[in-house]
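Undergrad: need a structure here:
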Amino acid sequence: MLTPVIQSYKNAYYGLSKNSWYLSLVMLINRSGTMVVPFMSVYTIQKLHFTVIQSGWVMAFFGIGAFGGAFLGGKLTDKIGFYDVQVGALLLGGIQFIILGYQHSFISISILTFVLSICNESFRPANSAAIAHYADETTRTRSYSLNRLAVNLGWAVGGGLGGFLASINYHLLFWVDGCTNILAAILLLKLMPRSQIRKSVKDVLKEAKSAAAHTDGVFLIFIILNTLFSCCFFEFFITQPVFYTIQWHLGPRFIGFLMALNGILIVAV
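TA: Numbering: from 1, shown residues only. A predicted model of the protein is given here:
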């Protein structure tokens, strides 16, 4: 029964470059520690006794920071290359996750969440640019697919482990999330030395001579629709855990199991 499934996965990702696998491994390690954000709203309400509105504002600051981080990460990637941006974002983000665990006031948590989100989300455009760099036209789509597979598998691990750790001590979430970020940075430095990069993203963009993204009408429509979808999707790990906790009185272990199940189903299908 499993043989056709295994063969299907093998066929899907056969022939990808070694660096594409390394990037996905780094992403897997990084996302396996994703547990602070899914449980942040529950943590601030249950342990810090914030109101639901205050908790919502904390997550709003995370979203605003993510918006700015994606833009900043893209600009920095164009200027200095995807390698340095990835390493810097992972190291700084890891340190800030640990520091965030020691904040208790609404103001300090909101500010640090905003700054952390900028650092953390700047990793995404750099990682995407790296995937494109190490793939050719025939393997690019499958390289991105492998990376998304790593994201969802990491989400399954992080969600399940996060629920277990939260049932013991919420501060463990911040340490594990921070340490996996730092571990991912060290792994990137170890597996993919900077000297091996043949071209910077800036050079690739000059060669591509492609039109600016904001002039592509179809692409802009896609972005608008994707934004509307994301407004609903991100409720899954921002307000839904609060609903499970307050309305259904579910414990963090079961909430973590539900999050892990989501990632497992995506990977399986």
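
Undergrad: what ranges do the helices span in this structure?
TA: 2-13, 18-31, 36-46, 52-80, 82-100, 106-121, 123-133, 140-166, 171-191, 201-208, 217-233, 240-246, 252-268 (DSSP state H).

Undergrad: State the mean pLDDT of the third one.
TA: Confidence over helix 36-46, taken as the mean pLDDT, stands at 91.

Undergrad: any idea how far Y244 is from I45?
TA: Relative to Y244, I45 is positioned 12 Å away (Cβ to Cβ, to the nearest Å). In this view, the C-beta of every residue, glycine as well, is placed from N, C-alpha and C.

Undergrad: more crowded one of those two?
TA: Comparing I45 with Y244 by neighbour count (other Cβ atoms under 10 Å), the higher total belongs to I45, at 20 against 17.

Undergrad: and the gap between that one and G65?
TA: Applying Cβ to Cβ to I45 and G65 gives a distance of 20 Å.

Undergrad: likewise L188?
TA: Relative to G65, and taking Cβ to Cβ, L188 is found at 22 Å.

Undergrad: now do L146
TA: With the distance defined as Cβ to Cβ, L146 ends up 28 Å from G65.

Undergrad: Select from the helices of the chain the stretch with the lowest mean pLDDT.
TA: Averaging pLDDT over each of the helices of the chain singles out helix 201-208 as the lowest, with a mean of 56.

Undergrad: Could you list which residues are in contact with S110?
TA: 57-58, 61 (Cβ atoms under 8 Å, 6 or more residues apart in numbering).

Undergrad: can you check L173 too?
TA: Contact analysis of L173 by Cβ under 8 Å, 6+ apart lists 35-36, 39, 43, 101, 162, 165-166.

Undergrad: and of the residues you listed, the nearest to I29?
TA: I29 lies nearest to M35 out of the contacts of L173, by Cβ to Cβ, at 13.4 Å.

Undergrad: and the closest one, how many neighbours?
TA: 29.

Undergrad: For the residue nearest to the spatial centre of the chain, which non-adjacent residue is closest in space?
TA: Here the mean C-alpha position of the chain is nearest to the C-alpha of R31 (Cα atoms, centre = their mean), at a distance of 5.8 Å. Using Cβ to Cβ, 6 or more residues apart in numbering and skipping residues adjacent in sequence, the residue nearest R31 is G154, 2.6 Å away.

Undergrad: That neighbour and V58, how far apart?
TA: As judged by Cβ to Cβ, G154 and V58 stand 23 Å apart.

Undergrad: picking up where we left off before, I figured the residue nearest to the centre of the chain hits L149, correct?
TA: No - using Cβ atoms under 8 Å, R31 makes no contact with L149, being 10.7 Å away.

Undergrad: Contacts only, for I64.
TA: The neighbourhood of I64, defined by Cβ under 8 Å, 6+ apart, consists of 114, 117.

Undergrad: Also A184?
TA: So A184 contacts 26-27, 29-30, 90 (Cβ under 8 Å, 6+ apart).

Undergrad: In those residues, find the pair that's most separated.
TA: The largest separation in those, counting by Cβ to Cβ, is between M27 and L90 at 10.5 Å.

Undergrad: More neighbours: which of these two?
TA: For the pair M27 and L90, the greater number of neighbours falls to L90 (29 against 25), based on other Cβ under 10 Å.

Undergrad: Quick check: the more buried one vs I98, distance?
TA: As judged by Cβ to Cβ, L90 and I98 stand 13 Å apart.

Undergrad: What of S145?
TA: For S145, the distance to I98 equals 32 Å [Cβ to Cβ].
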